[in-house]
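Asks: give the three-dimensional model of this entry:
(chains A and B)
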Amino acid sequence: EPEVTQTPSHQVTQMGQEVILRCVPISNHLYFYWYRQILGQKVEFLVSFYNNEISEKSEIFDDQFSVERPDGSNFTLKIRSTKLEDSAMYFCASARDSISNTGELFFGEGSRLTVL
Amino acid sequence: GENVEQHPSTLSVQEGDSAVIKCTYSDSASNYFPWYKQELGKGPQLIIDIRSNVGEKKDQRIAVTLNKTAKHFSLHITETQPEDSAVYFCAASKGSGGGADGLTFGKGTHLIIQP
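Replies: Numbering: from 1, shown residues only, chains lettered A, B, ... in the order given. As a prediction, this is how the structure comes out:
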């Protein structure tokens, strides 16, 4: 069964360093998302991406964050200068159709980011 | 913005009994309500969803009901089994289309099935 894959599974970084989290969405999907989950808390929406541009972003997704789809398969989340509060599990998700139509969202297993 | 409240935060039921988890939402424009199951160390997995044009949907032991007037929706699991133990999240989206359909999640319910 096709799945969303994420790398790395766990990354430890120093505060102020740049981090890139990578995702390979399901191959025929067109809508891509990043969510994060701080330990023990709810999943929070960061950004959605469609047709090579950001469709929607939350208040969390400030200038420190950026997303890119550099080729036909990868979807990346970059955090320019990490802060302690960026420590969380970051989930990539994808959908074949917009979930406002008939789409269903499929999540990857997450990348745990620890900022020291 | 949308706010989703979920109750209870922890639910313990005997194996074979039913479990009910309830969510309320604030934005009347929300029209898509999925439920996700998250097992330890894994990403959320969609188990059932409902759109605003229906009031109830069932898939084997799982059902979801939606009351748009009251702005609440519920997950019902019957004949619970040990493998149902997990954290369950409800979510809501108002789906403007074109990818502008970020989900707002509830805080989650830790469901524990007692043998």
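
Asks: ok, now which ones touch residue 84?
Replies: If you meant another chain, say so; for now it's chain A. With contacts defined as Cβ atoms under 8 Å, 6 or more residues apart in numbering or on different chains, residue A:84 is in contact with A:15, A:115-116. For every residue, glycine as well, the C-beta is placed using N, CA and C.

Asks: sorry, should have said chain B
Replies: The neighbours of residue B:84, taking Cβ under 8 Å, 6+ apart as the test, are B:19, B:77, B:111, B:113.

Asks: hang on, the second one packs against residue B:15?
Replies: No: the pair residue B:77 / residue B:15 is not scored as a contact, 11.6 Å apart, by Cβ atoms under 8 Å.

Asks: out of the two, which sits in the busier spot?
Replies: For residue B:77 against residue B:15, the residue with the higher neighbour count under other Cβ atoms under 10 Å in any protein chain shown is residue B:77, and the figures read 25 against 13.

Asks: what's near enough to touch the more buried one?
Replies: When contacts are counted by Cβ under 8 Å, 6+ apart, residue B:77 is found next to B:18-20, B:61-62, B:84, B:111.

Asks: let's go with 6 Å and repeat that
Replies: With contacts defined as Cβ atoms under 6 Å, 6 or more residues apart in numbering or on different chains, the neighbours of residue B:77 are B:19, B:61-62, B:84.

Asks: can you give me the first-to-last residue distance of stretch B:10-23?
Replies: The straight-line separation of the ends of stretch B:10-23 (Cα to Cα, to the nearest Å) is 14 Å.

Asks: swap that for stretch B:27-39, please
Replies: 29 Å.

Asks: quickly list what residue B:45 is bridged to.
Replies: In this structure, residue B:45 has the following beta-bridge partners (DSSP bridges): residue B:37.

Asks: and it, how many residues sit next to it?
Replies: Summarising burial for residue B:45: neighbours were counted as other Cβ under 10 Å, giving 13.

Asks: what does the model give the residue in chain B that chain A sits nearest to for pLDDT?
Replies: Using Cβ to the nearest Cβ, the point where chain B gets nearest to chain A is residue B:95, with a distance of 2.3 Å. Predicted confidence (pLDDT) at residue B:95: the value is 72.

Asks: how about it: what's its closest non-neighbour residue?
Replies: Computed as Cβ to Cβ, 6 or more residues apart in numbering or on different chains, the closest residue to residue B:95 that is not its neighbour in sequence is residue A:100, at 2.3 Å.

Asks: who does residue B:6 form a beta bridge with?
Replies: Beta bridges link residue B:6 to residue B:23, judged by DSSP bridges.

Asks: and the gap between it and residue B:111?
Replies: As defined by Cβ to Cβ, to the nearest Å, residue B:6 lies at a distance of 12 Å from residue B:111.

Asks: how about residue B:25?
Replies: Separation of residue B:25 from residue B:111 (Cβ to Cβ): 20 Å.

Asks: compare those two (neighbour count), which wins?
Replies: With neighbours defined as other Cβ under 10 Å, residue B:25 and residue B:111 compare such that residue B:25 has more, 25 against 21.

Asks: residue B:70 is in contact with that one, correct?
Replies: No: between residue B:25 and residue B:70 there is no contact under Cβ atoms under 6 Å: 10.1 Å.

Asks: how about the residue of chain A found nearest chain B, phi and psi?
Replies: Of all residues in chain A, residue A:100 sits closest to chain B, with a separation of 2.3 Å (Cβ to the nearest Cβ). Geometry field for residue A:100 lists phi and psi as phi -80, psi -20, criterion degrees, to the nearest 10.

Asks: I am finished for the moment; much appreciated.
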